[in-house]
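Enquirer: A structural model of the following input is requested.
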Amino acid sequence: MLVGAPSRSVSRDLAEEHLSELGRLTDTAGGRVVGALMQKVDSPHPRFYVGEGKAQELAALVEDREANLVIFDEELSPAQGKSLEELLGVRVMDRSELILDIFATRARSREARMQVELAQLQYLLPRLRRMWSHLSRIRGGIGLRGPGETQLETDRRLIGHRIGDLRRKLEDVARARAVQRKSREGSYRAALVGYTNAGKSSLLRALSGSELFVEDRLFATLDSATRSVDLGAGYEILVTDTVGFIRKLPHHLVASFRSTLEEAREADVLLHVIDASHPDWEEQYEVVLEVLSDLDLTVRDKILVFNKMDRLTSDEVESMRARVRAFDPTPAVFVSALDQGALEALRATLRARVRARLPRVVVRIPSSDGEAIATVYREGEVVERLDEELKVALTARVPVGVLGRLSGRAGVVVEEVA
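Expert: Next up is the predicted model:
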């Protein structure tokens with residue numbers, strides 16, 4: 001059973017979308033939704049979050065639908081969770097616990113598993129008493145998997161020791177990751193950020209040609225992946241996929257994944273991927289901005305990448321472009337991960353960003369070497385041209401690889417501009 005209890009200021013449509021998203025999260029976790037209940041509240045009831053009458057209605061609905069789990073879209077206090085479980089006679093969890101459970105089952109790398117375990121234990125610590133009371137009659141199931149299952153039988157002292165141990169190990173991993181980032185210095189780096197299921201992994205797979213796990217579910221991938229992407233015209237960059245964001249993302253989880261999200265901090269540009277086909281993409285956009293703000297990443301160079309444009313009609317495409325222009329002045333591109341032709345706009349935008357960061361050089365080329373001159377114009381950005389008696393002097397921004405090829409040609413001289 002799903003329960004929504006938004007404040008009265010939230011519109012009905014938005015409240016229903018939040019509850020629908022909770023249903024998709026439940027599906028991702030392997031649960032089957034048998035019913036839903038909603039009540040707008042001025043302030044949470046101290047015992048049941050919803051009003052006492054609505055809590056009694058929920059109890060009758062749970063019994064009628066034979067539900068064995070109740071999931072609240074709002075974060076419950078330990079006392080509220082305990083009171084609800086006593087009233088309903090089934091396990092009760094909130095959105096944060098559900099997201100943590102999904103992360104526990106989806107994490108693949110050692111680092112991601114440690115980050116999820118740390119977040120689970122921090123969430124579990126103040127709720128031990130309530131969860132212990134169910135240990136004798138509940139084995140496994142949503143919310144009791146991964147690291148949480150083995151830790152329910154431990155006491156606070158042991159959990160405290162484990163939290164300290166995980167933090168030390170994650171600090172070691174963060175140092176190793178910093179060394180990896182240092183080795184990439186000199187390369188232009190982009191980081192994909194965005195709401196979960198916006199299509200970040202699909203975009204990275206389409207751009208790089210690499211095989212990456214992609215699934216049309218929330219939080220299909222949690223582990224960051226970095227791939228080399230050929231932009232054409234001699235330009236190549238590194239693109240990193242990061243964990244997706246979602247509204248009401250548990251703060252323990254954001255803190256635990258901070259080292260993974262350092263990839264975004266070190267990037268030269270953030271590619272904010274947005275699901276153009278989602279009716280509430282503006283709200284999802286705001287959610288991502290909030291998380292980026294928590295990570296002090298709001299002032300970074302950014303490009304909005306509206307994905308899944310293939311799902312829109314031609315009229316909807318024109319309407320979308322107008323909405324975006326009115327909504328945010330940030331540079332935007334409109335693409336589909338399923339259409340390589342549509343991705344050329346993104347490649348061209350990134351090429352321009354890379355070119356702008358290249359050092360200026362003067363390339364002196366024999367006037368008779370038309371091929372070399374054409375190469376500089378085609379693969380670089382010519383700022384100034386000076387025709388000398390026997391040579392052409394081009395002041396330009398040119399990729400390092402292209403400069404290497406030009407330097408090997410007879411009579412070509414490359415000089416850096418101070």
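Enquirer: how about low-confidence regions in this protein?
Expert: Residue ranges of the chain with pLDDT under 70: 128-155, 181-186, 212-218, 220-223, 255-260, 299, 418.
Enquirer: ok, the residue most central in space within it to Val324 distance?
Expert: Taking CA atoms, centre = their mean, the centroid of the chain lies closest to Gly244, which sits 2.5 Å from it. Distance, Gly244 to Val324, using CB to CB, to the nearest Å: 21 Å. Every C-beta, even on glycine, is put in place using the N, C-alpha and C of the backbone.
Enquirer: With Gly4 instead?
Expert: When Gly4 is compared with Val324 (using CB to CB), they lie 30 Å apart.
Enquirer: Pull out the buried positions in stretch 391-403.
Expert: Lys391, Val392, Leu394, Thr395, Ala396, Arg397, Val398, Pro399, Val402, Leu403 (16 or more other CB atoms under 10 Å).
Enquirer: If we ignore the residues flanking it in sequence, what's nearest the first one?
Expert: Meaning Lys391. Take Lys391 and drop its neighbours on the chain: the residue closest to it by CB to CB, 6 or more residues apart in numbering is Arg364, 4.9 Å away.
Enquirer: beta partners of the one you found?
Expert: Applying DSSP bridges to Arg364 gives these bridge partners: Ala393, Val413.
Enquirer: And this structure, split by domain according to the record?
Expert: What automatic domain parsing lists as the domains of the chain is 2-98, 108-168, 186-356, 358-416.
Enquirer: closest to Gln180 out of those domains?
Expert: Gln180 lies closest, by CB to CB, to one member of the domains of the chain: domain 186-356, at 8.7 Å.
Enquirer: ok, now which ones touch the nearest residue to Gln122 once chain neighbours are set aside?
Expert: Closest residue to Gln122 in three dimensions, ignoring its sequence neighbours and counting by CB to CB, 6+ apart: His252, at 4.4 Å. Contacts for His252 (CB atoms under 8 Å, 6 or more residues apart in numbering) come out as Ser96, Leu100, Leu118, Ala119, Gln122, Tyr123.
Enquirer: same deal with Ala396?
Expert: Arg360, Val361, Val363, Val376, Gly380, Glu381, Val382, Val383.
Enquirer: With only the CA atoms kept, save the one helix or strand the second one maps to in CSV.
Expert: Under the criterion DSSP states H and E, the helix or strand holding Val361 is strand 360-366. Written as CSV, here are the backbone C-alpha positions of strand 360-366 (Å, rounded to 0.1, in the frame of the first residue of the first chain):
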residue,chain,number,x,y,z
ARG,A,360,46.6,29.8,-29.2
VAL,A,361,49.5,29.0,-31.6
VAL,A,362,51.0,30.4,-34.7
VAL,A,363,51.3,27.8,-37.5
ARG,A,364,53.6,28.9,-40.3
ILE,A,365,52.9,26.8,-43.4
PRO,A,366,54.4,26.9,-46.9
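Enquirer: Just the buried residues of it, please?
Expert: Val361, Val362, Val363, Arg364, Ile365, Pro366.
Enquirer: Which strands or helices does it pack on?
Expert: Applying 3 or more CB pairs under 8 Å, 6 or more residues apart in numbering; DSSP states H and E, we find strand 360-366 packed against helix 370-379, strand 391-397, helix 400-407, strand 413-416.
Enquirer: helices or strands up against the longest helix belonging to the chain?
Expert: Scanning the chain for the helix with the most residues, using DSSP state H, yields helix 156-183. Here helix 156-183 touches helix 110-124, helix 147-151, helix 258-266, going by 3+ CB pairs under 8 Å, 6+ apart.
Enquirer: And the contacts of the next helix or strand after the last one?
Expert: Beyond helix 258-266 on the C-terminal side, the first helix or strand identified by DSSP H and E is strand 269-275. When contacts are taken as CB under 8 Å, 6+ apart, the neighbours of strand 269-275 outside the stretch itself are 189-195, 197-200, 203, 239, 264, 281, 284-285, 288, 292, 297, 300-308, 330, 346, 350, 353.
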